[in-house]
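> Quick check, what structure comes out for this input:
(one chain, ligands or ions: 2)
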Amino acid sequence: MKRLVLDVQNVGKGFGGLRAIDRIFFQLFEGEILSVIGPNGAGKTTLFNCLSGFYRPDEGAIFLGGKSIVGQKPYQICRLGMARTFQNIRLFDHLSLLDNILVGDSNHHQTTFFGILFRTVAHRTYQHLARERAMKWLSFVGIEAEGRTKAGHLSYGNQRRLEIARALATDPQVILLDEPGAGMNPSEIAGMIELISKIKKLGITVILIEHHMKVVMDISDRILVLDHGEELAVGTPLEIQNHPRVIEAYLGGEKERGADL
Ligand SMILES: Nc1ncnc2c1ncn2[C@@H]1O[C@H](COP(=O)(O)OP(=O)(O)OP(=O)(O)O)[C@@H](O)[C@H]1O
Ligand SMILES: [Mg+2]
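Numbering: from 1, shown residues only. Ligands and ions are numbered 1, 2, ... in the order given. As a prediction, the model looks like this:
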């Protein structure tokens, strides 16, 4: 039996009169991939913001590795093992790829004020190890050759890979990927499917928001379909493709055109 990693119970969040998400329940086990799909404004990113502590849910409970995380700050939730990427890429364009990862490396930060002030051996060793670890993740996502170039010079697809490397460098149990395939061409999409499969193989649990249906159907263990903030359906890719309410709401008529959700 796989370990329960994330338990989401009755989570809801409103903005004024709008229920952005409502009555969301799911449980995720080690190494599972859950995709969250639904049209623009369905509440997908709001769900990520609630899980990662950027928003406090109005109601409900969230347990990460058995610990309640509602009310914790994003950096605390990250330390407890949940990392994320952003729909609108958030990188430091003027820093190198390596430094983009190192600035987010507070999860491993053991050095003291005096260590930094006097550049002690311990601090230098720490820096060396941190760089090695950052390089390892750049290589994992396939952009190690560009380690010293500035993030702003990367292609759009590689910027998305860098965001994933930065999230992985915090040693997460769960990673939240908000549209990692956005703006990618078909060959980059194939590479992204491969990368997400590799993350799963590490035993990391993945929650994926994605509009490219090929990515979703190829790699998800389960899919949660949101509609106006509520669960419309949940199931395996096959179940979702054949789900009457999903077909009626989104896929019907659009299947032939191969439209993405
Ligand atoms: N900070 C906020 N203040 C007010 N309304 C918000 C806020 N964040 C999200 N919303 C609203 O909540 C609803 C859900 O938005 P959300 O960004 O979660 O949708 P989404 O499913 O991620 O859409 P997309 O596919 O376009 O990224 C939308 O109506 C949005 O306008
Ligand atoms: Mg969104």
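
> Tell me which stretches of the chain form helices.
For the chain, the helices defined by DSSP state H cover 44-51, 74-80, 97-102, 113-118, 121-141, 156-168, 186-201, 213-219, 237-241, 244-246.

> Specify the beta-bridge partners of Leu176.
Beta-bridge pairing of Leu176 under DSSP bridges involves Arg84, Ile207.

> re the thing from before, save the helices of the chain as TSV, and put in distance to Val11, mean neighbour count and mean pLDDT too.
(Each C-beta comes from the backbone N, C-alpha and C, glycine too.) Listed next are the helices of the chain as TSV, based on distance: least, CB to CB, whole Å; neighbours: other CB atoms under 10 Å; pLDDT from 0 to 100:
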stretch	distance to Val11	mean neighbour count	mean pLDDT
helix 44-51	6	24	98
helix 74-80	14	17	96
helix 97-102	30	23	93
helix 113-118	39	11	65
helix 121-141	30	16	87
helix 156-168	21	23	95
helix 186-201	24	16	96
helix 213-219	21	19	94
helix 237-241	21	16	96
helix 244-246	21	14	91
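
> so which of those gets nearest ligand 1?
Comparing the helices of the chain by their distance to ligand 1 (CB to the nearest ligand atom), the top pick is helix 44-51, with 3.2 Å.

> Off-centre distance for the closest one?
For helix 44-51, the separation from the chain centroid amounts to 10 Å (computed by CA atoms, centre = their mean, to the nearest Å).

> Over to stretch 147-159?
19 Å.

> about what we covered before: using JSON lines, lay out the helices of the chain together with distance to Phe63.
JSON lines is the format used below for the helices of the chain (distance: least, CB to CB, whole Å):
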{"stretch": "helix 44-51", "distance to Phe63": "11"}
{"stretch": "helix 74-80", "distance to Phe63": "10"}
{"stretch": "helix 97-102", "distance to Phe63": "28"}
{"stretch": "helix 113-118", "distance to Phe63": "35"}
{"stretch": "helix 121-141", "distance to Phe63": "27"}
{"stretch": "helix 156-168", "distance to Phe63": "20"}
{"stretch": "helix 186-201", "distance to Phe63": "21"}
{"stretch": "helix 213-219", "distance to Phe63": "25"}
{"stretch": "helix 237-241", "distance to Phe63": "26"}
{"stretch": "helix 244-246", "distance to Phe63": "28"}
